[in-house]
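> Quick one: sequence and predicted model below, then my questions.
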Amino acid sequence: MTLTKKLGAEFIGTLWLVLGGCGSAVLAAAFPNVGIGLLGVSFAFGLTVLTMAFAIGHVSGCHLNPAVSFGLWSGGRFSTAELGPYIIAQVAGGLTGAAILYVIATGQAGFDAAATGFASNGYGEHSPGGYSLMAALVCEVVMTFMFLIIILGATDKRAPQGFAPIAIGLGLTLIHLISIPVTNTSVNPARSTGVALFQGGWAISQLWLFWIAPIVGAILAGLVYRWFESENKA
């Protein structure tokens, strides 16, 4: 695949992740009488990754997430030359998905992205459960670390073939079930950036955490998985 096709796939996939995952939180989570709640939002995020992994995994690898690209890079699975372009495509896709969601959401009279939070990630008073900065930092590092361990393990050539999208999608679902109360779950800087720019206030000021923590967790996971592979070769 050419780089242009890979970037196009990453753009579309990340758009779908933000529209599907954040869209479920903004449009359906608290819908009167039939709101899908935490469980529904968690599955929505997992399903976006699962469906895109089958749809574009053979095109771009279906990263959909700068942290995933960094983790695969540190694990020796992704080239340095493609790292920057992938991240740009993912952020652009996330912003576009958030823009589409904003257009849909504002079709409801009285909708206010700033007041609702627009599915943004936060800590302290902007954490769904009131969790501290330290709790949010630890949560995002550890959850992203585990997400990358799942991705690296499930896509290892020695792993059972054809099941990686299921493991990765369910892994992301579980991560959301654990961490939505803490940070509204990022583990993905592109997802966080897209909606934060439409929230327009506190989400932008706290966005730094949702870039640094996921990338740190992902890079650590890549290094650990490299160690697993080196022990196996020994």
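Perfect, I can see it now.
> Would you mind giving both backbone torsions of Pro32?
With angles defined as degrees, to the nearest 10, Pro32 sits at phi -50, psi 130.
> If I look at it, what pLDDT would I see?
Confidence at Pro32, expressed as pLDDT, is 76.
> Could I get the phi/psi values of Gly122?
Dihedral pair for Gly122: phi -160, psi 170, per degrees, to the nearest 10.
> helices and strands of the chain: which one bottoms out on pLDDT?
helix 209-233 (a mean of 91; mean pLDDT, DSSP states H and E).
> Please compute how far it lies from its chain's middle.
Averaging C-alpha positions (CA atoms, centre = their mean, to the nearest Å) puts helix 209-233 16 Å from its chain's average.
> Can you give the contact residues for that helix?
For helix 209-233, the surrounding residues in contact (CB atoms under 8 Å, 6 or more residues apart in numbering) are 65-68, 70-77, 121, 123, 133, 136-137, 140-149, 152-153, 183, 186-189, 192-193, 196. Heads up, the C-betas are built off the backbone N, CA and C, glycines and all.
> Spatially central residue in the chain, please.
Asn188 (3.5 Å; CA atoms, centre = their mean).
> May I have the predicted confidence score for it?
98.
> Could you find the closest non-adjacent residue to it?
Asn65 (4.3 Å; CB to CB, 6 or more residues apart in numbering).
> ok, the one you found - contacts?
Thr14, Leu17, Gln90, Val187, Asn188, Pro189, Ala190, Arg191, Pro214.
> Repeat that for Phe111.
Contacts of Phe111 (CB under 8 Å, 6+ apart): Ala105.
> i'd like the first residue to be 551 from this point on
Taking 551 as the first residue, the last one we looked at is Phe661.
> Name the SS class of it, please.
Put simply, Phe661 is coil when judged by DSSP: H, G, I helix; E, B strand; the rest coil.
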